[in-house]
Structure formats: C-alpha cells, structure tokens
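Q: The sequence and its predicted three-dimensional model are supplied below.
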Amino acid sequence: MYLASTTAGGKLHFTIRESYLGGGVYLHRELFDLGPTPGRFIVYPGGNAFYVDEAVENAIRAHGTEASQEDLETIFWPFVRPDIRYKLEPFRRQERRLKDDRHAKQIPRPEGVHLFDKRRICFLKFGQMEQRSLSRLPASAIRLLQDKSRDEIEQGFLQMEKALRPREIKTYTYVIFDLQQHFTQRFAKDTPELLDQDDVDRCFIEAICKLHEDPGFWFGISTGGRLHDYLVRYVLMFFDHDYASRSLFDDYLRDFMNRHREYRPPESVIVSMEEAGRIFDQSREALKKLTRRELGRLYRRRAQDLHPDKGGDHEAFLRLTAAYHKLLRAKKGA
C-alpha cells in the first residue's frame, strides 16, 4: 500500500492505493479516498499516541486487503501533528533501520529496472550530472523500484523530487532524459547552458515523446492520447526553470559563445510568422506581447492537442515546434 496524491483545481487530493501482480506485471488500484485532508482520519487518544480511524482499515479490508495499523501509520505519518511527529521520530528511525536490515538480505534485480528510472534515482541519490555510477547503484536504491506498479514508482519519485532545489530542476531534467548524448561538445556533459538552447529544447521534446510511446515504461498504465500527467510535470520542470546561475566569468563565456557561433544547423522545418500566428491561433501582435514563459505555456497546451498520440498530425506537431522555436529566437533578439 502507498499514499498517492493528485492535483485537481490547484488542490491536492489523496488516496490510498495498492500495487498488485496481475497478468505478469504490477498493476495498481485504489483502496480508499482520503480527500484533501487525510488528517481527519487520525485519532489522538492522549499523550504522544495516535492511531488511524478503524473506518479506513475496514474499508480497505472490504477490497480483500489487510492493512495493519503499522502500515496505516506509515501512510498517515506526513499528516500527524508536528509535535507528535517530533516526539515519535526517533522510534520510527529505529524501526526503519530494522526494516532495512531485513530487506538487505533480498537480492535486487537491476536488469528489471527501466533506464529512465535508473537515471532519476542516480541523480536524486548522488546529485551528480555524471551518470557513470548507473552501473553501481546501491542495492537499496534498486529495491525502491522493484515489485511495484508504475503508478507507485511515479508517486515515489514525486516525493523524492521535492528535495530538489529550484536551481537543480532544469539540470535534473537535462540529465534524466540524457540530452547530452545528442551533442558532441565536451561541455555538453556538465555545462548544458552553453549549448544552443533551441537544439536542447528540440531534443527534450523528442525524448519525452519517445518515453511517452515506450510500452516498457508504462506497464500497467494506459496513457491514452494525451501526455500523461507523470510526464507533464517534467515539461513544466524543463520549460519553467533555468540552469543554476554561475560566476560572472561563466556568464560572459556563455554570452560570447552564443554570439560567436560559426555554425548553426539549418532548420528542417521553416515556418513564417503568419503561419506561426495561425498555428497558435493568435495574432502577430498578441504573439509579440507574450513573454517567453507565457509562450512556453501556450506551446505546451497546443502540443497536447496536436500530439500524434492525441490524434493529431505528425507534420502539424513538427510545424508547431518549429514555430515555437522561431518565436523564441525573435524574443531573444528583442
């Protein structure tokens, strides 16, 4: 069992879900709807004690699953009163160590872990852009990704990614989608901000579309036509954040390289400003007034409508992307 969160109307909504083996793959199902305030199911009998309302346990049992108070306490722990958490945290740490010692005897199976999951766990564990440690992931990290449904894995990453600092988010998405593989420059591995960002954006869109279409990643989940919310969050991470600021010398070097590139790959798709306006359903004047961030948001909305998996045309999707990059370049020069 695990705690799952979704966002609806700008508000978080919580449910208790369960991973189970079905048809040779791990699927997931909902066991209990906690609503926006799970804390209402926590009972405080006095002192530093608490327990979860028996109604939750009974509802889960009705689905054929037994939930112990220990399991429920783990799920509800984030919603326990802060003063109670402060008192009980030392005991919970000891319990987690004992549980980790028991799990340490289990032999992990790294060959069953998707490469995208390995990249994510590697960055979150070590905080490094260099991915050579992928082959040396600790057994404890691999166990976090095994015998779980895709939904449970993604909910786990949602929690782990909260530890990322704002200045790490753009670099994180660059690394986990392995965008450096598309570039021959030596600095592509550790200084992606020196690359042509239009090219980086294009490679990111291609990579996220490829992952969206990878059945080996989406085991047990039907993605449908739209980009799944579990991937939409990476689109927001990538386009709504910037790389960490560096020294003044680094800024000067980046500006110098951007202004003195001798070679620029030709555009495979050329879109006029008039066509860009038709694609975005905006007048030229309205497009000129948009900020880069507003343009990025407009692009993401249109991309979801025109994506081939949504029933859109592949050529239309390419022209949308070309129009987006054309408008971005125009705003750079403004």
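A: Here it is on my side, so go on.

Q: Once you drop chain neighbours, what's closest to His228?
A: Excluding the flanking residues, the one nearest His228 by CB to CB, 6 or more residues apart in numbering is His212, at 6.9 Å. Every C-beta, even on glycine, is put in place using the N, C-alpha and C of the backbone.

Q: for Thr321, same thing?
A: Ile205 (6.0 Å).

Q: How much space separates the one you found from His212?
A: 11 Å (CB to CB, to the nearest Å).

Q: who's more crowded, the two?
A: In this view Ile205 and His212 are compared by other CB atoms under 10 Å, and Ile205 has more residues nearby, 21 against 17.

Q: which element is the more buried one on?
A: Assigned by DSSP states H and E, Ile205 falls within helix 197-212.

Q: Send over that helix as CSV, restricted to the C-alpha atoms.
A: What follows is helix 197-212 as a C-alpha-only set of coordinates in CSV (Å, rounded to 0.1, in the frame of the first residue of the first chain):
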residue,chain,number,x,y,z
GLN,A,197,19.1,26.1,-26.2
ASP,A,198,16.8,25.8,-29.2
ASP,A,199,18.5,22.5,-30.0
VAL,A,200,18.3,21.4,-26.4
ASP,A,201,14.6,22.1,-26.4
ARG,A,202,14.1,20.2,-29.5
CYS,A,203,15.9,17.1,-28.2
PHE,A,204,13.9,17.3,-25.0
ILE,A,205,10.6,17.2,-26.8
GLU,A,206,11.8,14.3,-28.9
ALA,A,207,12.9,12.4,-25.8
ILE,A,208,9.7,12.9,-23.8
CYS,A,209,7.6,11.9,-26.8
LYS,A,210,9.7,8.7,-27.1
LEU,A,211,9.2,7.9,-23.4
HIS,A,212,5.5,8.5,-23.8
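
Q: Tell me what angle the next helix-or-strand element following that helix forms with helix 197-212.
A: Per DSSP H and E, the first helix or strand lying C-terminal to helix 197-212 is helix 229-239. Orientation of helix 229-239 against helix 197-212 (axes from the mean of the first three to the mean of the last three CA atoms, to 10 degrees) gives an angle of 170 degrees.

Q: Point out where the stretch 151-300 of the chain drops to low pLDDT.
A: Applying pLDDT under 70 to the stretch 151-300 of the chain flags residues 245-269.
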